[in-house]
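Q: Kindly return the folded structure for what I paste below:
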Amino acid sequence: MSVPTTQKAVIIEGDKAVVKTDVSVPELKEGTALVKVEAVAGNPTDWKHIAYKIGPEGSILGCDIAGTVVKLGPNASTDLKVGDTGFGFVHGASQTDPKNGAFAEYARVYPPLFYKSNLTHSTADEISEGPVKNFESAASLPVSLTTAGVSLCHHLGSKMEWHPSTPQHTHPLLIWGGATAVGQQLIQVAKHINAYTKIVTVASKKHEKLLKSYGADDVFDYHDAGVIEQIKSKYPNLQHVIDAVGSEDSIPEAYKVTADSLPATLLEVVPMTIESIPEEIRKDNVKIDITLLYRASGQEILLGATRFPASPEYHEATVKFVKFINPHLNNGDIHHMNIKVFSNGLDDVPALTEGIKEGKNKNVKYVARL
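A: Sure thing, here's the model as predicted:
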């Protein structure tokens, strides 16, 4: 099919997300592919790129896409061909690549990081959690699922083995925020690769049934005033804790439940540091690590004034995880979360993004159908 030179896209204009109709279609680079976008999903990182002045003026927002491959760049992976459907992520509102983002009619992707799946459109306004069957449900997964996989397999040292007979680690994992998009994927992947002796999570009790169906063994309610004490009493030596909420409020709470003497790691899904931990609760045995999916490009990343050096290891681990999990996605073994579909395409994206900023998307993924 012929590809236009301009398109509709959602860009940063001042302190807002604005829809424009005369935005350039991104040019293909070596080893990349162009996707006609069929559905997009919103993430907190989208509004943060606006509010915290991370994204450049005029840059295209958005990270999660599902769509159809329409063009291949020079030396693009032979595993992907024109007409293939699937889903993937891009670094929207990037300082180094501002003309490529998910919230557009076309987006550039790197084939080894693109999940292939046979997809068509859903007509539903709400889609319950379940296997990926359409563009709308597929768009909800790239960032959260891939972050979960890299967290477990790259940062925390789990192997990509499907249902090994014995737990890979001889201790439990605790996920703070099990009902978040990343949390739900962490539980599922950790269970399927039998990564830990137990999967413990902190979430609202109303999600207990769902999270246990995914593989959680124990669910603690963060609403309980004594939740930290409850966790420490039952699991005093947590060596791996993941904060899937990623807020100034959640990081100290997740830090508190880590082991007090054994070597422990608190993994953050946003750039947080020890400076976010009150001095009086800091422990010498706990390392704070950060996973940043943008590093999957293998290139140097700029987030505001912070520079993250290129990480070929992160890139390689992400490529391996996508290849490993893709068939299990297509088999229906990995479920997406509940979805609310916005039916006016990119025109709905500014309101969708603002809704996420205001916290209206509790335990539901916002997706726009193009």
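
Q: Check the separation of the first and last residues in stretch 73-93.
A: Taking CA to CA, to the nearest Å, stretch 73-93 runs 22 Å from one end to the other.

Q: Give me the mean pLDDT for it.
A: The average pLDDT within stretch 73-93 is 93.

Q: swap in stretch 301-314?
A: For stretch 301-314, mean pLDDT is 91.

Q: Also stretch 338-345?
A: 97.

Q: can you check stretch 6-20 too?
A: 97.

Q: Would you mark the buried spots in that stretch?
A: For stretch 6-20, burial by neighbour count (16 or more other CB atoms under 10 Å) applies to Gln7, Lys8, Ala9, Val10, Ile11, Ile12, Ala17, Val19, Lys20. Yep, even glycine has a C-beta here, placed from its N, CA and C like the rest.

Q: Give me the residues contacting it.
A: With CB atoms under 8 Å, 6 or more residues apart in numbering as the contact definition, stretch 6-20 has outside contacts at 21-25, 46-47, 49-51, 55-62, 93, 101, 103-106, 346-347, 349-350, 353-354.

Q: got the buried residues of stretch 6-20 as CSV, with distance to Ile288 and secondary structure columns?
A: Listed next are the buried residues of stretch 6-20 as CSV, based on distance: CB to CB, whole Å; DSSP: H, G, I helix; E, B strand; the rest coil:
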residue, distance to Ile288, secondary structure
Gln7, 40, strand
Lys8, 41, strand
Ala9, 36, strand
Val10, 33, strand
Ile11, 34, strand
Ile12, 30, strand
Ala17, 31, strand
Val19, 38, strand
Lys20, 39, strand
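
Q: Can I get the residues you listed in a markdown table including distance to Tyr110?
A: Shown next, in a markdown table, are these (distance: CB to CB, whole Å):
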| residue | distance to Tyr110 |
| --- | --- |
| Gln7 | 20 |
| Lys8 | 23 |
| Ala9 | 19 |
| Val10 | 21 |
| Ile11 | 22 |
| Ile12 | 23 |
| Ala17 | 25 |
| Val19 | 26 |
| Lys20 | 25 |
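
Q: The contacts of stretch 6-20 in helices, which ones?
A: If you go by DSSP state H, those have Asp46, Trp47, His49, Ile50, Ala51, Val349, Pro350, Thr353, Glu354 in helices.

Q: The third one against Gly55, yeah?
A: Yes. Distance between His49 and Gly55: 3.7 Å, which falls inside the contact criterion (CB atoms under 8 Å).

Q: any shared contact partners between the two?
A: Overlap of the contact sets of His49 and Gly55 (by CB under 8 Å, 6+ apart) consists of Ile12, Leu61, Gly92, Ala93.

Q: Can you list phi and psi of the residue nearest to Val132 when sequence neighbours are not counted for me?
A: Nearest non-adjacent residue to Val132, counting by CB to CB, 6 or more residues apart in numbering: Ala138, 5.0 Å away. The phi/psi pair for Ala138 (degrees, to the nearest 10) reads phi -60, psi -40.

Q: how far away is Ala138 from Pro350?
A: From Ala138 over to Pro350 the distance is 23 Å, taken as CB to CB, to the nearest Å.

Q: and if you look at Pro312?
A: 36 Å.

Q: Between these two, tell me which one has more neighbours.
A: Higher neighbour count among Pro312 and Pro350: Pro350, with 17 against 10, using other CB atoms under 10 Å.

Q: That one: what's it in contact with?
A: Counting by CB under 8 Å, 6+ apart, Pro350 makes contact with Val10, Lys16, Ala17, Val18, Val19.

Q: go again using 6 Å as the cut-off
A: By CB atoms under 6 Å, 6 or more residues apart in numbering, Pro350 lies in contact with Ala17.

Q: got it, and Thr318?
A: Residues in contact with Thr318, defined by CB under 6 Å, 6+ apart, are Val150, Ala296.

Q: Just the buried residues of the helix or strand where it lies, please?
A: Taking DSSP states H and E as the definition, one finds Thr318 inside helix 312-330. For helix 312-330, burial by neighbour count (16+ other CB under 10 Å) applies to 314-315, 317-322, 324-326, 329-330.

Q: Tell me the neighbouring strands of the next helix or strand after that helix, and mark each as parallel or antiparallel.
A: For helix 312-330, the following helix or strand on the C-terminal side (DSSP H and E) is strand 335-336. Strand 335-336 has its sheet partners listed here by DSSP bridges as strand 130-131 (antiparallel).
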